[in-house]
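**Q** For reference, the sequence and a predicted model appear below.
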Amino acid sequence: MNTLEQITQIALSLLNTLRVLLIESLEFDIDESVQASWTTVAQQRLKEIRSGVVQPIPGDEALARVRKLLG
């Protein structure tokens, strides 16, 4: 098990209220330029979905595809 998996496992074992606090603290720690880049990407993706250029898939399916690629 790698470090990321260990951290994820520990985070998932937290009470929901503590998970929310952890998520909020990590979210606020993101560099502003990184946050701006993510916002730009998210806005572009939303435009693509609304215009029909891309079709969204369920999150479970997306994660399954990623796991398969990572093998």
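**A** Looks like it arrived, so ask away.
**Q** Show me which helix runs longest in the protein.
**A** Counting residues, the longest helix in the chain under DSSP state H turns out to be helix 32-51.
**Q** quick one: buried residues of that helix?
**A** For helix 32-51, the neighbour count (16 or more other CB atoms under 10 Å) marks no residue as buried. (Each C-beta comes from the backbone N, C-alpha and C, glycine too.)
**Q** quick one: average pLDDT of that helix?
**A** The pLDDT scores in helix 32-51 average 91.
**Q** what do you get for stretch 7-14?
**A** Regarding stretch 7-14, the rounded mean pLDDT is 93.
**Q** repeat for stretch 56-71
**A** For stretch 56-71, the mean confidence score works out to 91.
**Q** Restricting to C-alpha, output it in CSV.
**A** What follows is stretch 56-71, C-alpha atoms only, in CSV (Å, rounded to 0.1, in the frame of the first residue of the first chain):
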residue,chain,number,x,y,z
PRO,A,56,-20.8,12.9,-19.1
ILE,A,57,-20.6,9.4,-17.6
PRO,A,58,-21.3,8.3,-14.0
GLY,A,59,-18.5,8.8,-11.5
ASP,A,60,-18.3,5.1,-10.7
GLU,A,61,-17.8,4.3,-14.4
ALA,A,62,-15.1,7.0,-14.8
LEU,A,63,-13.2,5.7,-11.7
ALA,A,64,-13.4,2.1,-13.0
ARG,A,65,-11.9,3.2,-16.3
VAL,A,66,-9.1,5.1,-14.6
ARG,A,67,-8.3,2.1,-12.3
LYS,A,68,-8.3,-0.2,-15.4
LEU,A,69,-5.8,2.2,-17.1
LEU,A,70,-3.6,2.3,-14.1
GLY,A,71,-3.8,-1.5,-13.9
